[in-house]
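[1] coords please:
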Amino acid sequence: MNSPYQLLAISGSLRAASSNTTVLQALASLAPAGTTITLYTQLADLPHFNPDWESDDTTLPAVVRALRTQIGQVDGVLISSPEYAHGVPGVLKNALDWLVGSVEFPYKPVALINISPRSVHAHASLVEILTTMSAKLINDPALTIDLPRKGLDMAGMLGEPAIRAALQAALSTFMQALQE
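    Predicted coordinates for the structure are as follows:
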């Protein structure tokens, strides 16, 4: 990696012990020197999307302005999300709705980290949503990391050689895509 990268990681889960959040934290710990992966922690703070508030900067909620600013300052976005009832969790869809009208998001490189190969509906929905939003979607099999059903903490993920190698491969794939 020739230059430093700033990445934003967004988990589609609000659970305290979320495997999606944990996998993003593990990826952050494996980031190469000079690369920073910051976990977005304000997903639950975003108000319900209301396009009336987008009319000017004075009505746009501060937390939404902050999200858009953060998106504008990073080189890429990593998203890991569970699947609920064959769909995208509402909190993640809400965050994406707030980014639709932004100037910061289009053509931003985005990788979907899928930790359950059985979660095909949410993944397909996210691909459709992000494509519609003009994201530069990085689509590669290395971004699917088959985690065991048992909940692993970050140390467990990093301590399991196969999982650690899969995490490193996913991160390497995304980092290479950023250079293209």
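[2] which residues of this protein fall in helices?
    19-29, 62-73, 90-100, 120-132, 154-159, 161-179 (DSSP state H).
[3] what does the third one rub up against?
    It stands for helix 90-100. Identification of contacts with helix 90-100 by CB atoms under 8 Å, 6 or more residues apart in numbering yields 10, 12, 14, 43-44, 46, 48-49, 64, 67-68, 71, 79, 81, 105, 129-130, 133. Backbone N, C-alpha and C define where each C-beta goes, glycine included.
[4] kindly recompute the last result at 7 Å.
    With contact meaning CB atoms under 7 Å, 6 or more residues apart in numbering, helix 90-100 is reached by 10, 12, 14, 43-44, 46, 48-49, 64, 67-68, 71, 81, 105, 129, 133.
[5] quick one on the thing from earlier: need the helices of the chain in a markdown table with distance to Leu112 and mean pLDDT, can you?
    Listed next are the helices of the chain as a markdown table, based on distance: least, CB to CB, whole Å; pLDDT from 0 to 100:
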| stretch | distance to Leu112 | mean pLDDT |
| --- | --- | --- |
| helix 19-29 | 11 | 97 |
| helix 62-73 | 16 | 97 |
| helix 90-100 | 11 | 98 |
| helix 120-132 | 6 | 96 |
| helix 154-159 | 18 | 95 |
| helix 161-179 | 10 | 95 |
